[in-house]
Every structure is written in structure tokens, then in C-alpha cells.
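# Can you look at this prediction? I've put the sequence above it.
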Amino acid sequence: MRIPGLLAVILAAAVTAALQSAAAQGEARSVDIVDFGFRPAELAIPAGATVEWVNTGNAPHTATSDTGVWDSGVLASRAFGGGRFRFTFTEPGTYPYHCAVHPSMGGTIVVEGPAATPTPTATAVPSPSPTPSPTATPLPGPPAVARIYLPAVFRAAQR
Ligand SMILES: [Cu+2]
């Protein structure tokens, strides 16, 4: 039969693509944060790779993008567990950053190559919520006026 063969080819391609994507995303490049600097200070990575900063120093530090692309927040010193922060770079470019605690500490991430295509993720498509069918609502009409024609005698008495 031809169809199972074709399916196998399609499946193999899908699995290969998924693995390649996972490989690119799983590529964590590490930057050690020391007292007082980033090692390496300049790091070149392919688009789609993840950088992990690890605080190995005795002081708290941050890895904070100069242009607001990312901010690790304060990463604990080694004595307090050594804070870690990860960021995935999808767009090629040069990304300078610094430590917010010690502004003299600076580094650069250089992202090379074509922009990484974001991994297609299953997105739940919201199903349209059932719209309540319009129901006929009786409009309030003018109040029924009962007109009772009374003989003149009674009309006079009502005044
Ligand atoms: Cu610092």
C-alpha cells in the first residue's frame, strides 16, 4: 500500500523538524556572572539559542538588557544558591546588557543568522460560545384602559 509509506515519510519529516527545533532551543549557552563581570563578556550565539546566566559571585547581580529586551531581576549570590536566568534570542542582532546593581559590569550577546522560526505550538482556538437565540419578549403595550361609560348621574358623582 502506498499510503502508509507516505505517512511514514511525513511522520519522519515532522519528527526531524521537531528534533531540530528542540536542538536549537535546547542549546543553552552559559554566561558566568562573577564579581564583577560577565564571562564571557561577549557571547555569539545562533538565533533561537538560549543564554543562561549563572551568578557564581559573592554579590547579587542581574543581567539586564540595555534596551529593555530582558531583565533577570536580582540573581542571588553563590552563597544563596547562585541565581540563574535564561533568555532565548530569536532575532539576530547585538544585545548589550549590564548589571543593574553594578552598572560598570557590562556584556554583549551577539545573535547571528536568520531569525529563528518560532516553534509552532498548539493553540487552542476558542470555540464560539453559543449565542442565546433571541426570544420574543412581549413589549409592554399601553395599559388597557377600561372605558366604562357610566350614566351621567354616576359621572357627576365621580368628580
Ligand atoms: Cu553586579
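Received, thanks. This is a predicted model, so every value here is computed, not measured.
# which element follows the worst-scoring helix or strand of the chain on mean pLDDT toward the C-terminus?
Of all the helices and strands that make up the chain, helix 2-26 has the lowest average by mean pLDDT, DSSP states H and E, namely a mean of 48. For helix 2-26, the succeeding helix or strand toward the C-terminus, using DSSP states H and E, is strand 28-34.
# Show me which positions of that next one end up buried.
Within strand 28-34, the residues that qualify as buried are 29, 31, 33-34, counting by 16 or more other Cβ atoms under 10 Å. Bear in mind the C-beta positions are built from the backbone N, C-alpha and C, glycine included.
# next one: stretch 57-68
Neighbour counts over stretch 57-68 (16+ other Cβ under 10 Å) mark 57, 59-64 as buried.
# taking these one by one, which sit in helices?
Members of the buried residues of stretch 57-68 lying in helices (criterion: DSSP state H): none.
# just those that are near the ion?
Near the ion, judged by Cβ under 5 Å from the ion, the entries from the buried residues of stretch 57-68 are His61.
# So which of the buried residues of stretch 57-68 is the closest to the ion?
The closest of the buried residues of stretch 57-68 to the ion turns out to be His61 (Cβ to the ion; 3.3 Å).
# per-residue confidence at the residue lying closest to Thr90 once chain neighbours are set aside?
Spatial nearest neighbour of Thr90, excluding adjacent residues (Cβ to Cβ, 6 or more residues apart in numbering): Ala116 at 4.6 Å. Each residue has a pLDDT score; the one for Ala116 is 77.
# about what we covered before: for the buried residues of strand 28-34, work out which two are farthest apart.
For the buried residues of strand 28-34, with distances taken as Cβ to Cβ, the pair at the greatest spread is Arg29 and Val34 (16.4 Å).
# Pro92 versus Val111, what's the distance?
Using Cβ to Cβ, to the nearest Å, we find Val111 at a distance of 5 Å from Pro92.
# Much appreciated, bye for now.
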